[in-house]
Every structure is written in C-alpha cells, then in structure tokens.
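Trainee: next input, structure requested:
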Amino acid sequence: MSLPAVDYLPAASWVFVTGGSGFLGRQLIADLVACGFQVKALTRSAQAAATVKNLGATPVMGDLDDIAAMAEGMRDCAAVIHSAAKVEQWGKWQDFEHMTVQGTKNVIAATRQAGVKRLVHISTEAVLAGGSAIINADENTPLPIKPNGMYPLSKKLAEQVVLAANSDDLATIVVRPRFIWGKGDTTLLPKLAEAARSGGWLWFGGGTHQMSTCNVKNVSHGVILAASFARGGQVYFLTDGEQVNFREFITAMMRTQGVEPGNKKAPMWLADAIAAASEMVWKTLGLKGEPPMTKTAVNLFFKEVTVNDSKARHELGYVPVITVEAGLAELKV
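Mentor: Okay, here's the model as predicted:
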C-alpha cells in the first residue's frame, strides 16, 4: 500500500466546518479536536452555536448566503470542510439549488476570499442514482445524465462546481461516503424503528441485495485523511469495508432499538409504482412534507448499492476505525 507522502494539514492548525451541528458535523468536530486541530464552525442559530461550542469548536454566526461572514471565519484556516446541504429527498427544486448548489458556490467564493488552500466537500453515492442498481462502483463510474431525484441532482451539480474550482491556489477534494449511520443519528434510525413498530415495514424485493455502508466515525476519519493528504481534484468513496446483506443489516439496526421488522415482503415493481405515484400526487397537489416513498429512496435503499473504497485506502491510507459489529453495539438502547 502506498501511503501519503505530504501532510497538508499541519498539527494544531485551524479548520473551518459547515454543517457542524448536524450528524456528521458533530462527529467531525469531536474528531478534529481530539486530533489536536482548532475548529471554527458555521452556525445559523444560538442552539447550533451552543452545540458546536460544547464539542470544542468556535462558533461563527452566519449561513451559506453570507460569504463575508464565512470568509472572515475562514481566515487563518488551513482547510475548509463543507458538510452543509439540503439532505431531504423531497421539496422545491429552488431550495435544493439554493442551499446545496449555490451554497457550495458561496463556500468556494469565501474560501478563495479568505486565502484558504484546501476544501473538502462532503458528497454522496446518491450522485450515481439513475434508477438502476449501483454495483461495485468506483470513482471512474460515470454519473447519470439525469439523476432520479432532486437530492442526487443537487449533489451532482455541487460536486461538479467543486471539482471545476480546483486550481494551484485551491485544492478541492470530494468525499463520497455511502449510507452514513451510527451513534448520534436522529433521522434514519428513528424512522426505521417507527416503521417496524407500526407494522408498516415491507421487504421490497425480499431485501436480499447487498449494500455498502459507512459508520459516521469512519466517514469522519476518512474526511480528515482527505483534508490532510488528498491531492486536489480527486474524488474518494468511503465505506465500512465489507459489503453487508441489506435485510440482515437493517434488521440488526432495528433490533438495537428493541423492535423487529417482521417478514412482510412485496415485489420491487410495487415499490417503483408507489414512488412514482407518490411523487406525482405530491407534485400535482403541492402537498407539504415528503411523500411516503420517493424514486431516490427506492434506488438507494431497496436496490443494490455497493461501492469500492480502494482508492481512499491506497492513496490516503484509509482503514475503518470502527467495525459494523462495534457500531451496532453502540446503537443499543
């Protein structure tokens, strides 16, 4: 294995983080501080500021629209880690474009204005969502011309903006973790547990397909390695290592919350039909909230999504810091 030769992130240097009060952001701040870095985190509210401060970061009040505030906060930083985005799978395209795409452009502008030399952008395997299974994809796998949802499309466009900004003055790096999970998740795991408790969980297609995953601690570790060692203009997948069986893994996650998913099955065509019909109804009637199922969710959850992280292992020395088994143990209530 060829290990990194250059460390671009000197010990005790400052790192600026967006999305610091989120699931991944909180882990990033904690790990950066534990590694001896000084951290500033963009915050939009007093509650978010208190959260990041308790983790050891210095809050910077502002949002992704405030280039001046970000640039001031980024001054003297060695790197920027951009984690903020609109992560819902449904909504108005204007909101996705504004927060995820334009927000990323604003972060780049602030980074340049502040003279920061490195930017790590947190992307997602969802950029590959085109409707079909994603099997053993790597960084050379072509992105679909038209991703099957607003979230995948917005993340694809943001990625392209980041990579196009790479230059001698600013090294830009894209990291794509697959299926972030782990302790501290307040979104995915509660939804899974509630679906099991209500008796509404269905194993579409039987649930026997393979999937790649990446515990939040492994994501954070990989992102810090990318900030420290990655060459500009590169993309890296991150995973927990070995692929897992979807049904076995999701069952194990639900059991950590004291619930059983049951054995009710449904054909894949039904999932596709429900997603298409739900999206049409929500779009036509302008209903609030998310549809019960979306095309993006079907693609990324109920069909195989496996990715290869060998590039991160070879170029960054990435090795997961927590196993799937240990991660599941941390989830037990």
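Trainee: stretch 197-217: which residues count as buried?
Mentor: 201-205, 207, 209-217 (16 or more other C-beta atoms under 10 Å). The way it works is simple: take the backbone N, C-alpha and C, and place the C-beta from them, glycine included.
Trainee: and those residues, which of them are in strands?
Mentor: Within those, residues falling in strands by DSSP state E are 203-204, 210-211, 214-215.
Trainee: farthest-separated two in those residues?
Mentor: Phe204 and Asn215 (24.5 Å; C-beta to C-beta).
Trainee: what's the longest helix in the protein?
Mentor: helix 268-285 (DSSP state H).
Trainee: show me what the following helix or strand past it is in contact with.
Mentor: Sequence order places helix 295-301 as the next helix or strand after helix 268-285, per DSSP states H and E. Residues outside helix 295-301 that contact it (C-beta atoms under 8 Å, 6 or more residues apart in numbering) are 89, 125-126, 129-132, 134, 148-149, 151-152, 179, 204, 271-272, 275-276, 279, 305.
Trainee: which stretches of this structure have low pLDDT?
Mentor: 1-5 (pLDDT under 70).
Trainee: would you map the helices across it?
Mentor: Counting by DSSP H, the helices of the chain are 23-34, 46-54, 67-74, 93-96, 103-114, 150-164, 188-198, 216-229, 246-255, 268-285, 295-301, 310-316, 324-331.
Trainee: possible to save those as JSON lines with distance to Pro142?
Mentor: Below are those laid out as JSON lines (distance: least, C-beta to C-beta, whole Å):
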{"stretch": "helix 23-34", "distance to Pro142": "26"}
{"stretch": "helix 46-54", "distance to Pro142": "37"}
{"stretch": "helix 67-74", "distance to Pro142": "32"}
{"stretch": "helix 93-96", "distance to Pro142": "22"}
{"stretch": "helix 103-114", "distance to Pro142": "21"}
{"stretch": "helix 150-164", "distance to Pro142": "11"}
{"stretch": "helix 188-198", "distance to Pro142": "28"}
{"stretch": "helix 216-229", "distance to Pro142": "22"}
{"stretch": "helix 246-255", "distance to Pro142": "24"}
{"stretch": "helix 268-285", "distance to Pro142": "23"}
{"stretch": "helix 295-301", "distance to Pro142": "16"}
{"stretch": "helix 310-316", "distance to Pro142": "16"}
{"stretch": "helix 324-331", "distance to Pro142": "29"}
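Trainee: deepest-packed of those helices, please.
Mentor: Mean neighbour count (mean count of other C-beta atoms under 10 Å) peaks for helix 216-229 among the helices of the chain, with a mean of 25.
Trainee: how far does it sit from the chain's center?
Mentor: Centroid separation for helix 216-229 versus its chain: 12 Å, with C-alpha atoms, centre = their mean, to the nearest Å.
Trainee: who are the packing partners of it?
Mentor: Judged by 3 or more C-beta pairs under 8 Å, 6 or more residues apart in numbering; DSSP states H and E, the packing partners of helix 216-229 are helix 23-34, strand 77-82, strand 118-122, strand 171-177, strand 180-181, strand 234-238, helix 310-316.
Trainee: same list (the ones you listed) but as TSV, adding distance to Gly56.
Mentor: Formatted as TSV, the helices and strands packed on helix 216-229 follow (distance: least, C-beta to C-beta, whole Å):
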stretch	distance to Gly56
helix 23-34	4
strand 77-82	15
strand 118-122	19
strand 171-177	22
strand 180-181	21
strand 234-238	23
helix 310-316	24
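Trainee: measure stretch 239-254 end to end?
Mentor: Stretch 239-254 has its terminal residues 20 Å apart, counting by C-alpha to C-alpha, to the nearest Å.
Trainee: and the closest residue to Asp65 other than its chain neighbours, how far from Val127?
Mentor: Sequence neighbours aside, Asn106 is the residue nearest to Asp65 in space, at 6.6 Å (criterion: C-beta to C-beta, 6 or more residues apart in numbering). Distance, Asn106 to Val127, using C-beta to C-beta, to the nearest Å: 20 Å.
Trainee: over to Val235?
Mentor: From Val235 to Val127 the distance is 9 Å (C-beta to C-beta).
Trainee: just want to know which of the two has more residues nearby.
Mentor: Val127 (24 against 21; other C-beta atoms under 10 Å).
Trainee: that older thread, and of the helices and strands packed on helix 216-229, who's closest to Ala48?
Mentor: helix 23-34 (9.4 Å).
Trainee: what's the distance between Gln210 and Lys303?
Mentor: 10 Å.
Trainee: now His121
Mentor: Taking C-beta to C-beta, one finds His121 at 26 Å from Lys303.
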